[in-house]
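S.K.: This is the structure alone, sequence omitted:
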């Protein structure tokens, strides 16, 4: 059963040095506040897992939290490069970053296999690409051809992902820790169910979850910790609560381009702001709309 | 005309990027289903929807199916895509149930490097994957879009840096090493049918699969295109002169661009 705790407590209890951590959210509902708390608590040697590392992992990588990354698209959407990610891969700063690289379809299927409790997933994909031959983090391939036992056709097998911890952001939870999310829901359900532990930050905790068309509900007993963090997805967004702060994504290009400007941002926007992400959201001019609108 | 320059035809000036976008939009027919990446593909698909293809179905890898954004999104997951979509599905679903079985007519891809067989690199530049000169974003949805959409359109500016004799990494397969390659791998889609650049259009030769210049934009000569191609470019015997953007295309395109807030335009 989910415990409802402050964010710092959830991160301290769930995420340890050396863990494989999946912070998911496909453009929408990215758990930035939780990521910043991981930076503040100084976690090291994490294996970060995410389809799109996005700005959140650029920040964690630049802050020195990660030694490995499993991903499928490492850019700043619509803007350009993730400079901290590139600095780590190209120059080993602040430390070397080992990669396990996939396609989106492959990553989505790897989570689904993990959630289903099977060791691999099957898809049509990867064939003829350079991704087929790349070693995974353990040195062995995580993509291999597989023969269909019914038709004899050659398909592609991808190894299941089973993170130590999944971290997501959602619209709301009730007091029993049942979590409700809607809009673009990405692979969050699969990520949570593939992981040994799950942490969810929510915009608000309500006495009872109102009916919401198209929403996913994750039962509280499938989650370990729920923390109320309004604005916890900023500069990503929460449908019904906030809009994507595209200006921040554009501004991140300049902030992250140089190590010094990035370090200054870490000091002022992460380390100086213990507790919730509220102050950070306000600082960056997060736009908000009324819940339900 | 240069990539950054402008041309004047029929009294209206337009940029090479506008010509390229209009040309990409024209490749989409009304009622098609289209898997859309962010950037120029998204602009072109929305231009098509605003002009000749109002029933074009836009599918974004975030799971937004049938999105009808009134303003151009910065990312594939902007709220406006989900709010205007016919359906919003999970990411595993969009790839497994919609893309993989071949339900989507056309996929729009960009590239950092492209070779004569339309193979695409968006992963690393340099001879070594382990120690890249430039680390690019990587695959995203592209490998399976390239494999499973019924056809693929590639859009990128033409230069010897991007049109290379050999891609440093095959992120997404075009025609591999030539005829029969896709069939041997069991790739179900037809592969890249058009490569649209800021100079013209390249299409695969029906026999050899080699990308061949088949059309040029106003003011462009075949030699200009060859000079910005990193292999010995084949040129079709009947080279089309592609019409410039119409007034309707230009005004619709500029109206779309005007929906992007000024801060985002800086990107």
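M.R.: Arrived safely. Nothing here was measured: the structure is a model prediction, and the numbers come from that model.
S.K.: Do you know the pLDDT at the nearest residue to residue B:212 once chain neighbours are set aside?
M.R.: The shortest distance from residue B:212 to any non-neighbouring residue, by Cβ to Cβ, 6 or more residues apart in numbering or on different chains, is to residue B:234 (4.3 Å). (C-beta placed from N, C-alpha, C; glycine too.) Predicted confidence (pLDDT) at residue B:234: the value is 98.
S.K.: which ones are touching residue B:234?
M.R.: Going by Cβ atoms under 8 Å, 6 or more residues apart in numbering or on different chains, residue B:234 touches B:205, B:210-213.
S.K.: can you tell me how far it sits from residue B:227?
M.R.: For residue B:234, the distance to residue B:227 (Cβ to Cβ, to the nearest Å) stands at 15 Å.
S.K.: And for residue A:33?
M.R.: In terms of Cβ to Cβ, residue A:33 sits 52 Å off from residue B:227.
S.K.: Show the model's pLDDT score for the residue in the stretch 1-150 of chain B positioned nearest to chain A.
M.R.: Relative to chain A, the nearest point of the stretch 1-150 of chain B is residue B:77 (2.4 Å; Cβ to the nearest Cβ). pLDDT for residue B:77: 89.
S.K.: One more: residue A:23?
M.R.: Per the predicted model, pLDDT is 98 at residue A:23.
S.K.: Once you drop chain neighbours, what's closest to it?
M.R.: According to Cβ to Cβ, 6+ apart, the nearest residue to residue A:23 is residue A:167 (4.4 Å).
S.K.: in chain B, which helix or strand is least confident?
M.R.: strand B:6-9 (a mean of 56; mean pLDDT, DSSP states H and E).
S.K.: okay, and for chain B, where does confidence drop off?
M.R.: Residues of chain B meeting the criterion pLDDT under 70: B:1-11, B:263, B:265-267.
S.K.: Mind naming the longest strand for it?
M.R.: When chain B is parsed with DSSP state E, its longest strand is strand B:234-241.
S.K.: give me every residue that touches residue 65.
M.R.: Since no chain was named, I'll use chain A. A:38-39, A:42-44, A:46, A:48.
S.K.: my question was about chain B
M.R.: Counting by Cβ under 8 Å, 6+ apart, residue B:65 has contacts B:57, B:59, B:85-89, B:94, B:98.
S.K.: how far away is residue A:141 from residue B:147?
M.R.: Taken as Cβ to Cβ, the span from residue A:141 to residue B:147 is 19 Å.
S.K.: Show me what residue of the stretch 1-150 of chain A gets nearest to chain B.
M.R.: residue A:27 (2.4 Å).
S.K.: if we can go back for a sec, the contacts of residue B:65: which ones sit near chain A?
M.R.: residue B:88 (Cβ under 8 Å from any Cβ of the partner chain).
S.K.: Put the buried members of the contacts of residue B:65 into a ChimeraX selection.
M.R.: Of the contacts of residue B:65, the buried ones go into a single ChimeraX selection, burial set by 16 or more other Cβ atoms under 10 Å in any protein chain shown:
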select /B:57,59,85,88,89,94,98
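S.K.: Could you check stretch B:192-200 against chain A for contacts?
M.R.: No - Stretch B:192-200 lies out of reach of chain A by Cβ under 8 Å from any Cβ, never closer than 13.4 Å.
S.K.: Next secondary structure element downstream of the one helix or strand residue B:48 maps to?
M.R.: Counting by DSSP states H and E, the element that carries residue B:48 is helix B:40-50. Moving toward the C-terminus from helix B:40-50, the next helix or strand (DSSP H and E) is strand B:57-60.
S.K.: centre of the chain versus that next one, how much separation?
M.R.: 14 Å (Cα atoms, centre = their mean, to the nearest Å).
S.K.: With stretch B:189-206 instead?
M.R.: Mean-position distance between stretch B:189-206 and its chain equals 9 Å (Cα atoms, centre = their mean).
S.K.: same check, this time on stretch A:214-226
M.R.: 16 Å.
S.K.: how about that stretch: buried residues?
M.R.: Within stretch A:214-226, judged by 16+ other Cβ under 10 Å, the buried ones are A:215, A:217-218, A:220, A:222-226.
S.K.: what's the answer for stretch B:44-64, then?
M.R.: Residues B:44-53, B:56-64 are the ones in stretch B:44-64 that count as buried (16+ other Cβ under 10 Å).
S.K.: follow-up on the earlier one: so the residue nearest to residue A:23, which of the three states?
M.R.: strand (DSSP: H, G, I helix; E, B strand; the rest coil).
S.K.: what does the stretch 1-150 of chain A put close to chain B?
M.R.: Contacts of the stretch 1-150 of chain A with chain B, taken as Cβ under 8 Å from any Cβ, map to A:26-28, A:51-52, A:71-75, A:77-82, A:85-86, A:89-90, A:101-105, A:108-109, A:111-112, A:123-131, A:134.
S.K.: Tell me the buried residues within those.
M.R.: The buried subset of the residues of the stretch 1-150 of chain A next to chain B - by 16+ other Cβ under 10 Å - is A:26-28, A:51-52, A:71-75, A:77-79, A:81-82, A:85-86, A:89-90, A:101-105, A:108-109, A:111-112, A:123-131, A:134.
S.K.: Those in helices, which ones?
M.R.: Counted as lying in helices by DSSP state H, out of these, are A:85-86, A:89-90, A:104-105, A:108-109, A:111-112.
S.K.: thinking again about what came up before, so is the helix holding residue B:48 next to chain A?
M.R.: No - judged by Cβ under 8 Å from any Cβ, helix B:40-50 and chain A are separated, with a smallest distance of 8.7 Å.
S.K.: Can you pull out the residues in contact with that helix?
M.R.: Here helix B:40-50 has contacts from B:17, B:20-22, B:24-26, B:28, B:34, B:36, B:56, B:58, B:68-69, B:72-73, B:76, B:108-110, B:153, B:155, B:249, B:252-253, B:255-257, using Cβ under 8 Å, 6+ apart.
S.K.: so how far is that helix off the chain centroid?
M.R.: With Cα atoms, centre = their mean, you get 11 Å for helix B:40-50.
S.K.: How about stretch B:146-155?
M.R.: With Cα atoms, centre = their mean as the basis, stretch B:146-155 stands 9 Å off its chain's centre.
S.K.: Could you pull up the mean pLDDT of stretch A:262-274?
M.R.: 93.
S.K.: Now do the buried residues in that stretch.
M.R.: A:262, A:265-266, A:269-270, A:273.
S.K.: Now do the end-to-end distance for that stretch.
M.R.: 18 Å (Cα to Cα, to the nearest Å).
S.K.: Residue A:100 is in contact with residue A:72, isn't it?
M.R.: No - counting by Cβ atoms under 8 Å, residue A:100 does not reach residue A:72; the two are 10.0 Å apart.
S.K.: Can you tell me the number of residues neighbouring residue B:110?
M.R.: 18 (other Cβ atoms under 10 Å in any protein chain shown).
S.K.: before we move on, the earlier item: any idea how far the residue nearest to residue B:212 lies from residue B:65?
M.R.: From residue B:234 to residue B:65 the distance is 38 Å (Cβ to Cβ).
S.K.: Residue B:14 too?
M.R.: 32 Å.
S.K.: all helices for the stretch 1-150 of chain B, in order.
M.R.: B:16-26, B:40-50, B:79-84, B:91-93, B:142-148 (DSSP state H, counting those that start in this stretch).
S.K.: so where's chain A uncertain?
M.R.: Filtered on pLDDT under 70, chain A yields the residue ranges A:275-293.
S.K.: one more time with 90, if that's ok
M.R.: A:1, A:78, A:133, A:213-214, A:273-293 (pLDDT under 90).
S.K.: Give me the domain ranges for it.
M.R.: Following automatic domain parsing, one finds the domains of chain A at A:3-101+A:162-283, A:104-159.
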